[in-house]
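>>> Kindly return the folded structure for what I paste below:
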Amino acid sequence: MAKIFVTRLIPEAGINALKEKGYEVVVSAHDRVLTKEELTAALRGQNYDAVLCLLTDKIDGEVFDGAGKQVKIFANYAVGFDNIDLKAAEERGMMITNTPGVLTNTVAEHTFALMLAIAHRIAEADRFTRAGKYEGWAPMLLLGNDVSGKTIGVVGLGRIGSRVAHHAVKGFGAKVIYHDIKRNEDFEKEFKAVYKEKLEDLLKEADFISIHVPLLDATRHLINAERLKLMKSSAYLINTSRGPIVDEVALVEALKNKTIRGAAIDVFENEPRLASGLAGLENVILTPHIASATEETRSAMAELAAQNIIAALEGKAPPNLVKKK
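Numbering: from 1, shown residues only. This is a model prediction of the structure:
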């Protein structure tokens, strides 16, 4: 009987899929992020065949070695896999998988929810009202901005970025400009989108900038102090990708100094810690890395992670195998 270790409690759909195959499933007794030492200790000597890990688990060569040679796969419960040392995995013949596709719509919805909320000052207005400051309708009270008809700059035209563009054009009649490492002329025709080869050109033109690139060495601090200064003073930044893509200290200064009008972010550079001063700003909306957090999507992610494990243990190629580039 195959034995699977799950590093933290996940929706039952994934656990049940593994149990239905007759596998023994062991879920960490700690419903929190395990330290590398705790994770290695939990794996060592247990003869697991697979590990279902989370984006908060830091998986490197030490963890692989601690898990033992019987482990065939680390199935990441996330689209991103920047938490895993792919080189170390390749050297050990370890299969790594992720869960793309199933969370595209949900993350795109959350992105747009943030965009609308920051533009219409929803969170700020909620705090204002709860504090008893509302004394009646006033023509200049908490004026925000429309999203309809504006220019949306999409940075990274993958599944999620494309879906955000769909909502922008089809739902709000917005103009879409995009920056990516490669041009997509079919996308341009469908959405009347405009390709910006240089990120700087997009930053200068967009009213809303939405980040959808993976975290790589080349994208760390992609949005830094210099690039924030290129944005319109009326522009908004939205990030539902990975925290380190934005220099959070520089973002705090840009928001304080009104270099940009506002930001809405779901991910942070040093999660769960926030950059000093960020939480005290009114012109930012902060959500705790929940862009994929719907019952439907988190269950689908669990099932997909389980399917990757099942395929690997049955000697098949997992449907979402990640390869080192």
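
>>> Name all residues that make contact with the closest residue in space to Pro100 that isn't next to it in sequence.
In this structure, Pro100 finds its nearest non-sequential neighbour in Val79, 4.9 Å apart by CB to CB, 6 or more residues apart in numbering. From N, CA and C alone the C-beta is placed, and that goes for glycine too. Counting by CB atoms under 8 Å, 6 or more residues apart in numbering, Val79 makes contact with 98-100, 103.

>>> before we move on, what about His166?
Residues near His166 by CB under 8 Å, 6+ apart: 108, 191.

>>> burial of the residue nearest to Lys175 when sequence neighbours are not counted, as a residue count?
Spatially, and ignoring its direct neighbours in sequence, Lys175 is nearest to Thr151 (4.7 Å; CB to CB, 6+ apart). Neighbourhood size, Thr151 [other CB atoms under 10 Å]: 18.

>>> Thr151 reaches Ala206, doesn't it?
Yes: using CB atoms under 8 Å, Thr151 is in contact with Ala206, at 5.1 Å.

>>> sorry, back to before: the residue nearest to Lys175 and Asp201: what is the separation?
12 Å (CB to CB, to the nearest Å).

>>> List the buried residues of stretch 19-35.
21, 23, 25, 28, 33-34 (16 or more other CB atoms under 10 Å).

>>> Please enumerate the helices of the chain.
12-20, 36-43, 61-67, 86-91, 104-119, 122-130, 159-166, 172, 185-191, 199-205, 225-230, 248-256, 295-313 (DSSP state H).

>>> centre of the chain versus the first one, how much separation?
This means helix 12-20. Distance, stretch centre to chain centre, for helix 12-20: 25 Å (CA atoms, centre = their mean, to the nearest Å).

>>> Would you agree Asn47 is in contact with Gln70?
Yes: assessed by CB under 8 Å, Asn47 is found in contact with Gln70 at 5.4 Å.

>>> Present the contacts of Val79 as CSV; the columns should include pLDDT.
Formatted as CSV, the contacts of Val79 follow (pLDDT from 0 to 100):
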residue, pLDDT
Asn98, 97
Thr99, 97
Pro100, 95
Leu103, 96
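
>>> Just the buried residues of those.
Applying 16+ other CB under 10 Å to the contacts of Val79 flags 98-100, 103 as buried.

>>> Against Val107, how distant is the spatially most central residue of the chain?
Using CA atoms, centre = their mean, the residue of the chain that lies closest to the mean C-alpha position is Ser241, 3.6 Å off. Here Ser241 is placed at a distance of 9 Å from Val107 (CB to CB).

>>> contacting residues for the residue nearest to Lys175?
174-177, 205-208.

>>> show me the contacts for Gly173.
Counting by CB under 8 Å, 6+ apart, Gly173 has contacts 148-149.

>>> picking up where we left off before, just give me the closest of the buried residues of stretch 19-35 to Leu52.
Val25 (8.6 Å; CB to CB).

>>> Would you map out the domains in this structure?
3-100+295-322, 104-286 (automatic domain parsing).

>>> Okay, now the longest one: how far is its last residue from its first?
Translated: domain 104-286. 20 Å (CA to CA, to the nearest Å).

>>> returning to what we had before: let me have the helices of the chain in a markdown table, extended by distance to Leu215 and mean pLDDT.
Shown next, in a markdown table, are the helices of the chain (distance: least, CB to CB, whole Å; pLDDT from 0 to 100):
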| stretch | distance to Leu215 | mean pLDDT |
| --- | --- | --- |
| helix 12-20 | 24 | 97 |
| helix 36-43 | 19 | 95 |
| helix 61-67 | 19 | 96 |
| helix 86-91 | 13 | 96 |
| helix 104-119 | 15 | 98 |
| helix 122-130 | 26 | 98 |
| helix 159-166 | 14 | 97 |
| helix 172 | 28 | 98 |
| helix 185-191 | 23 | 97 |
| helix 199-205 | 16 | 98 |
| helix 225-230 | 17 | 98 |
| helix 248-256 | 14 | 98 |
| helix 295-313 | 18 | 98 |
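
>>> Can you add distance to Leu141 and give those helices back as a markdown table?
As requested, those are exported to a markdown table (distance: least, CB to CB, whole Å):
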| stretch | distance to Leu141 |
| --- | --- |
| helix 12-20 | 45 |
| helix 36-43 | 50 |
| helix 61-67 | 53 |
| helix 86-91 | 51 |
| helix 104-119 | 16 |
| helix 122-130 | 9 |
| helix 159-166 | 30 |
| helix 172 | 24 |
| helix 185-191 | 35 |
| helix 199-205 | 30 |
| helix 225-230 | 29 |
| helix 248-256 | 22 |
| helix 295-313 | 36 |
